[in-house]
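**Student:** need coordinates for the below:
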Amino acid sequence: MGELKNRFGPGLSTIFVTLVIFWLAGMVLAPNLMMIDYALRPNLPPQALGGPEDTYSLANILYLAGEPTHRAIFFKTIWASALVAGVTFLVCYPIAFWLAQRATTGQLAVAMLLIIIPFFINEVLRTLAWFIILAYRGPLNSALMNIGLIDAPIRWQGDGGVLAAMVYAYILFMLLPIYNAIESLEKAQIEAARDLGAPTWRIHTRVVIPHAKAGIATGFVFTFMLAAGSYVAPALLGSPGSRWFTEIIYNWFFEGGDWNRGAAYALVLLVLCLAVVLVTLKLVRVNLTDVAK
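**Tutor:** As a prediction, the model looks like this:
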């Protein structure tokens, strides 16, 4: 608040803070409080609301614990989201390092333009593009058959297709934090390590990655949370054997008509995702303050 006052004056800074508080209250706090309220109450007809049966309990949450199929999909969503974050890191780290330490100003501008422009398009349309690419008679199968790598089309829809689409969809949320972190690393430190005889892999593991730890953690947090809460990619590119937990939540809300159970499932997913994120940050010794920077 002090920095805002110094920069914008007391009047304008008060307006900014007030708008942020209203936004957090209306867009973050209120929906989550409503979700908790729905999750802890039974699904009742309108005339029974407020009656003796309308009491708070953990019945909707415990239903998930007693449903083995839903429970398996839930834990599969968690580890698959971690896999998405890991693969996205492997894709983004070399690109981020090149952009931050090797690319010229012109190369950086062109590369950033090529990376960012596709994200001007809606996520649904970008996922539909992957659906076309990975189709049974789509361009990927046609290209692989033409060069003789496969004899017959492959059905890419499933876990592999979902993974590819999510890595592409959330690449910016991993790339930009890592790029910002590596950009602040002085080139002299890398050159000094190289002059001392350190091989390339050791330079990255002992110099670059420790320096970029906060950016990497930020990318993991963003990518993991977005993947765990994704619905479009699993719905369009998934198969019956690769269902995502968000699809079950969607079904409770819009097909089963049980908003209370859907809210309970969403609450469990939110709580466990937050727990995974906090444990991960604790393990890599990164504070939430560093992630928020």
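**Student:** quick one, helices of the stretch 101-250 of the chain?
**Tutor:** Along the stretch 101-250 of the chain, counting by DSSP state H, counting those that start in this stretch, helices occupy 105-116, 123-133, 139-146, 159-169, 171-183, 187-195, 200-203, 209-211, 213-228, 232-237, 245-254.
**Student:** off-centre distance for the third one?
**Tutor:** Centroid separation between helix 139-146 and its chain, computed with C-alpha atoms, centre = their mean, to the nearest Å, is 30 Å.
**Student:** who does that helix touch, helix- and strand-wise?
**Tutor:** helix 123-133 (3 or more C-beta pairs under 8 Å, 6 or more residues apart in numbering; DSSP states H and E). Where you see a C-beta, it was placed from the backbone N, CA and C, and this is true even at glycine.
**Student:** does anything pack onto the helix it packs on? Which helices or strands?
**Tutor:** Short answer (3+ C-beta pairs under 8 Å, 6+ apart): helix 123-133 packs on helix 139-146, helix 159-169, helix 232-237.
**Student:** turn the ones you listed into CSV, including mean neighbour count, mean pLDDT and distance to residue 129.
**Tutor:** What follows is those, written out as CSV (neighbours: other C-beta atoms under 10 Å; pLDDT from 0 to 100; distance: least, C-beta to C-beta, whole Å):
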stretch, mean neighbour count, mean pLDDT, distance to residue 129
helix 139-146, 13, 89, 11
helix 159-169, 22, 89, 9
helix 232-237, 21, 88, 10
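**Student:** so can I have CSV of those showing distance to residue 193?
**Tutor:** Below are the helices and strands packed on helix 123-133 laid out as CSV (distance: least, C-beta to C-beta, whole Å):
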stretch, distance to residue 193
helix 139-146, 41
helix 159-169, 30
helix 232-237, 39
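**Student:** which one of the helices of the stretch 101-250 of the chain lies nearest to residue 92?
**Tutor:** Among the helices of the stretch 101-250 of the chain, helix 171-183 comes nearest to residue 92, with 4.3 Å by C-beta to C-beta.
**Student:** between the helices and strands packed on helix 123-133, which gets nearest to residue 284?
**Tutor:** With C-beta to C-beta as the yardstick, what comes closest out of the helices and strands packed on helix 123-133 is helix 159-169 (21.0 Å).
**Student:** about what we covered before: for the helices and strands packed on helix 123-133, which one sits closest to residue 203?
**Tutor:** Taking those one by one with C-beta to C-beta, helix 159-169 is closest: 25.8 Å.
**Student:** can you name every helix or strand that the closest one contacts?
**Tutor:** Checked by 3+ C-beta pairs under 8 Å, 6+ apart, helix 159-169 has helix 68-97, helix 123-133, helix 232-237 packed alongside it.
**Student:** that helix to helix 213-228, inter-axis angle?
**Tutor:** Following axes from the mean of the first three to the mean of the last three C-alpha atoms, to 10 degrees, one obtains 130 degrees for the angle between helix 159-169 and helix 213-228.
**Student:** who touches helix 159-169?
**Tutor:** 80, 83-84, 87-88, 91, 123, 126-127, 130, 134, 226-227, 230, 233-234, 236-239, 242, 244 (C-beta atoms under 8 Å, 6 or more residues apart in numbering).
**Student:** can you select the buried ones from the residues you listed in PyMOL?
**Tutor:** Filtering the contacts of helix 159-169 down to the buried ones (16 or more other C-beta atoms under 10 Å) takes a single PyMOL command:
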select buried, resi 80+83+84+87+88+126+127+130+134+226+227+230+233+234+236+237+238+242+244
